[in-house]
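K.L.:
Just to be clear, the model below is a prediction. Sequence and coordinates:
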Amino acid sequence: MACRMRRRTYVLLMMARCSDSGEHLGAEPALPYLSPELQGEKLLVGANFASAGVGILNDTGVQFVNIIRIGDQLAYFRQYQQKLSALIGEDQATQLVNQALVLITLGGNDFVNNYYLVPMSVRSRQYALPDYVRFIVSEYRKVLARLYELGARRVIVTGTGPLGCVPAELALHSQNGECAAELMRAVNLFNPQLVNMVRGLNRAIGADVFVTANTYRMNFDYLSNPQNYGFTNVQVACCGQGPYNGIGLCTAASNVCADREGFAFWDAFHPTERANRIIVGQFMHGDTDYMHPMNLSTILAVDREGL
């Protein structure tokens, strides 16, 4: 079977950058798991189990309709493997999953769509911020451990970007374009603890299964030095309304920039395609300040040698 000859790549629980990551790998885009088109040979390409607004915690994103929570996504991942087994046999399915590349992005929503969603949220009354960060990192460890139990052996775990600098937060909290200090405090607490947790999990397993991606630095590089990356605007969203185009969703009634190539943000929260390409470039080739313990190019080279 072809799956024995080369690494198959699928994207699991990925919140953004799907198409750009697959493009860098030369892979066919992974379909959403619930797509009716995901059947037969398409299963061998992989699947995207992501759900917008999802978090580490089940009470993150309660304001969204039909959200697929992380436990359900993991259940779908198991179901996906059963479909693979029916298609190519259990042994081949296990090998395919073991050799697949997994990308998981969680954490940011647990701040913007939970702890800081409203003043005096349930979680902010329950936990001081440092305690909340420790709590969600401990819960994230359980998610990653479950991924390992389900057969994932190459997992890229992204940190949280500079949440306080996105147009949505600038619109709510910024007077002069400065990043929202409290959200930046949360990020600066979360990311180092995430890295330490992942390293500890790898030590417990005895292998570098999980690779951390410093997406904070990847984003902040071009936000702090936009001219070095060809951006003319790193605060206002290309599509939106209100201050910084950071209010509401990008719709047909929104303001839309004339040249999206000059903008770092597409909408109130998400980078433009150009910004995503910069980020994924660091995934592929960044040094250990960006990808630890190795970047994606190194991972692929190591795996090719092992085939």
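P.N.:
Looks like it arrived, so ask away.
K.L.:
quick check: longest helix of this structure.
P.N.:
For the chain, the longest helix by residue count, based on DSSP state H, is helix 181-205.
K.L.:
Identify all contacting residues around that helix.
P.N.:
Contacting residues not belonging to helix 181-205 are listed as 107, 111-112, 115-116, 129-130, 133-134, 136-138, 140-141, 144-145, 148, 157, 159-165, 169, 173, 208-210, 212, 214, 216, 292 [C-beta atoms under 8 Å, 6 or more residues apart in numbering]. C-beta here means a position set from N, CA and C on the backbone, and glycine is covered the same way.
K.L.:
Could you say which helix or strand holds residue 139?
P.N.:
In this structure, residue 139 sits in helix 129-149 according to DSSP states H and E.
K.L.:
starting at the chain centroid, how far to that helix?
P.N.:
Centroid separation between helix 129-149 and its chain, computed with C-alpha atoms, centre = their mean, to the nearest Å, is 15 Å.
K.L.:
SS state for the residue lying closest to residue 275 once chain neighbours are set aside?
P.N.:
Closest residue to residue 275 apart from its sequence neighbours, by C-beta to C-beta, 6 or more residues apart in numbering: residue 264 at 4.9 Å. Here residue 264 is recorded as strand under DSSP: H, G, I helix; E, B strand; the rest coil.
K.L.:
Report all helices and strands that the helix or strand where residue 220 lies contacts.
P.N.:
Residue 220 is located in helix 215-224, with elements delineated by DSSP H and E. Here helix 215-224 touches helix 273-285, going by 3 or more C-beta pairs under 8 Å, 6 or more residues apart in numbering; DSSP states H and E.
K.L.:
Show me what the helix it packs on is packed against.
P.N.:
Contact partners of helix 273-285 among helices and strands, from 3+ C-beta pairs under 8 Å, 6+ apart: helix 18-25, helix 215-224, strand 263-265, helix 296-306.
K.L.:
if we can go back for a sec, any idea how far the very next helix or strand once past the helix holding residue 139 is from the chain center?
P.N.:
Next helix or strand after helix 129-149 toward the C-terminus (DSSP H and E): strand 155-158. Strand 155-158 sits 8 Å away from the centroid of its parent chain (C-alpha atoms, centre = their mean).
K.L.:
So which residues make contact with the helix or strand following strand 155-158?
P.N.:
Moving toward the C-terminus from strand 155-158, the first helix or strand encountered (DSSP H and E) is helix 167-173. By C-beta under 8 Å, 6+ apart, the list of residues contacting helix 167-173 from outside reads 112, 163-164, 177, 179-180, 182-183, 235-237, 240, 242-247, 265, 267-269.
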